[in-house]
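S.K.: Provide a 3D model corresponding to the input given below.
(one chain, ligands or ions: 1)
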Amino acid sequence: HAQRTLVLIKPDAVARGLVGSVLARYESKGLRVVALEMRQIDADQSDAHYADHVARDFYPGLRDFITSGPLVALVLEGDEAIEAVRHLNGATDGRKAAPGTIRGDWSLSNQRNLVHGSDSPESAAREISLWFPDVAAGTTGL
Ligand code: CMP
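M.R.: The predicted model follows:
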C-alpha cells in the first residue's frame, strides 16, 4: 500500500556532492518526491528529530554532525515506501551495509552514513509532521 516516509540526505552527503546520486537511487526505484528542502538545523531540532536517541552515548557526536552543515530533507511516497527506502539505504553502519545500497557503496562510518529514513509508520508520521507540518502524513490515492 502507498506510504510516505521522511528521508534526510545528511551533511556528509551534501559536503561530498552526493545529493544527486542519492536522490537518483530513490527516484529510479520509483519513489516519488512529495516535498524537498535544504536546511541547516540547530541542536533543538536535532533533539526533536532524534528524540529516541538523545540519551544514547553516541548522541552528542550525532548532534554535532547533523547540525554541522546543510542537509536535504524530503518526503518520498510509494508502495511500502518506508521499507523500500530502508533497503535502499542499507544497514546503519556503512562498513557493514551491503554493496548496492547507498551506505554500502558510499559510507565507511556508523555515524556519517549519508542518509536517514523513517523506521516505522509511526516514526514516519511523527517525522513528516516535524519537518514538513504542511504535508499531510499518510497515504494518497496512488
Ligand atoms: P539514522 O538512520 O539517522 O538514525 C540514528 C542515527 O544515529 C544513525 O542513522 C547514525 O547516523 C547514528 N548512529 C547510530 N548508531 C550509532 C553509533 N553506534 N555510533 C555513532 N552513530 C550512530
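
S.K.: name the nearest residue to Ala15, sequence neighbours excluded.
M.R.: Excluding the flanking residues, the one nearest Ala15 by Cβ to Cβ, 6 or more residues apart in numbering is Gly69, at 6.0 Å. Every C-beta, even on glycine, is put in place using the N, C-alpha and C of the backbone.

S.K.: again with Val54
M.R.: Nearest non-adjacent residue to Val54, counting by Cβ to Cβ, 6+ apart: Asp47, 5.5 Å away.

S.K.: which residues are contacting whichever strand or helix holds the one you found?
M.R.: Take DSSP states H and E as the rule and Asp47 turns out to sit in helix 43-49. The contact list for helix 43-49, computed with Cβ atoms under 8 Å, 6 or more residues apart in numbering, reads 8, 41, 54, 62-63, 66-67, 127, 130-131.

S.K.: sec struct for the residue nearest to Ala15, please.
M.R.: coil (DSSP: H, G, I helix; E, B strand; the rest coil).

S.K.: touching, it and Val14? I think so.
M.R.: Yes - applying Cβ atoms under 8 Å as the test, Gly69 and Val14 come out as touching, 6.3 Å apart.

S.K.: which one of these two is surrounded by more residues?
M.R.: More neighbours sit around Val14 than around the other of Gly69 and Val14, counting by other Cβ atoms under 10 Å; the figures are 18 against 12.

S.K.: quick check: pLDDT value at the more buried one.
M.R.: pLDDT, Val14: 99.

S.K.: now Asn110, nearest residue through space, not along the chain?
M.R.: Asp93 (4.3 Å).

S.K.: so how far is Arg56 from that neighbour?
M.R.: 15 Å (Cβ to Cβ, to the nearest Å).

S.K.: who's more crowded, the two?
M.R.: Neighbours per residue (other Cβ under 10 Å) separate Asp93 from Arg56, with Asp93 holding more: 15 against 11.

S.K.: since that was my last question, I'll sign off now.
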